[in-house]
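In: Turn this into a model:
(one chain, ligands or ions: 1)
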Amino acid sequence: MQKDLFDRFLTRIFGEKSPESKKNPSHPFGKTRDGQNNGDLAKTISLNGRTIAYTLRRSSRRSIGFLVNETGLRVTAPKRSSLYSIENAIMDKQKWILSKLDFYHFNHSSETVPIEWTNGALLPFLGDKLSLQIINGTTGKTFFNIENGKLLIYHPDSGKPFDSPLKNWLVQQAGAILAKRLELQAERMNIPFGAFSLSNARTRWGSCTARRHIRLNWRLVHCDISLIDYVAIHELAHCLEMNHSQRFWNIVATYYPDYKHARKQLHLQSPTLFSLFDKRENQAD
Ligand SMILES: [Zn+2]
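Out: Residues are numbered from 1 along each chain as shown. Modelled structure (predicted):
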């Protein structure tokens, strides 16, 4: 019998220290407050009745350039162009921009079809996928066990939905795992934090207050440990720099050299991960 996956998870959670370094292109994070980087400005413009968010970057180039990728629209403009001329250039290019944005949005939305939590459904957990196996329990209580890549769910009544026990179980795992990763990173960075709690924010992975109260989104439990570490390091760095200045990113890069890659990964996974338990919550409300 293969070594229990859970042991492997535990080794990764409690054993793994620092993320590896890889070279990757820069990608702004997008809609959240983490969208600003290196003096980029977050802007919006109305195109064809739609409000389009974009990043404005100033450069020494002589003309206005456009880039659309999975993180959205970026406009690069000469340092002295007025906002008026930039907006005009965007409008001239709007057909191309909207079709490109639709292309990427299409790719995202195809992933956000809500998952039915039934036998065989795949639950993202620490960057792996656990296949759900529901077993008619006899104890009258729902409980969970990870075994060989499966999440065994002993459930008293197979007819009853178990979405909320499943979510509660995930939140419980998140509480232990995220606290441990935050502690490890705080130790590495030698930055004490005031308090830790889980958040259930809709669009943000983490936050840090002036009193060093760090909140990490429980949904990070779906992500690879390296991404959990990135968010922990990001928020710990905010204990020293409450902004996204170059000084802030330098601190992040010291402890997480490949942070641009992590930001991109989180951005790509956000639409899917934030929608996993959403529909059911709304129905329950
Ligand atoms: Zn931040």
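In: just for the stretch 51-200 of the chain, where's the confidence low?
Out: Within the stretch 51-200 of the chain, the ranges that satisfy pLDDT under 70 run 105-114, 158.
In: quick one, strands of it?
Out: Taking DSSP state E, counting those that start in this stretch as the criterion, the stretch 51-200 of the chain carries its strands at 65-69, 72-78, 122-125, 128-136, 143-147, 150-155, 195-199.
In: quick one: strands adjacent to the fourth one?
Out: In the sheet containing strand 128-136, the strands it pairs with under DSSP bridges are strand 122-125 (antiparallel), strand 150-155 (parallel).
In: tell me which element residue 273 is part of?
Out: helix 259-275 (DSSP states H and E).
In: how about that helix as CSV, C-alpha atoms only?
Out: Provided in CSV are the C-alpha atoms of helix 259-275 (Å, rounded to 0.1, in the frame of the first residue of the first chain):
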residue,chain,number,x,y,z
TYR,A,259,6.9,36.1,-6.6
LYS,A,260,5.8,37.2,-10.1
HIS,A,261,5.1,33.6,-11.0
ALA,A,262,3.1,33.1,-7.8
ARG,A,263,1.0,36.2,-8.4
LYS,A,264,0.2,35.0,-11.9
GLN,A,265,-0.7,31.6,-10.7
LEU,A,266,-3.1,33.0,-8.1
HIS,A,267,-4.6,35.3,-10.6
LEU,A,268,-5.2,32.5,-13.0
GLN,A,269,-6.7,30.2,-10.4
SER,A,270,-8.8,32.9,-8.6
PRO,A,271,-12.0,32.6,-10.8
THR,A,272,-12.2,28.9,-10.3
LEU,A,273,-11.3,28.7,-6.6
PHE,A,274,-13.5,31.6,-5.5
SER,A,275,-16.5,30.0,-7.2
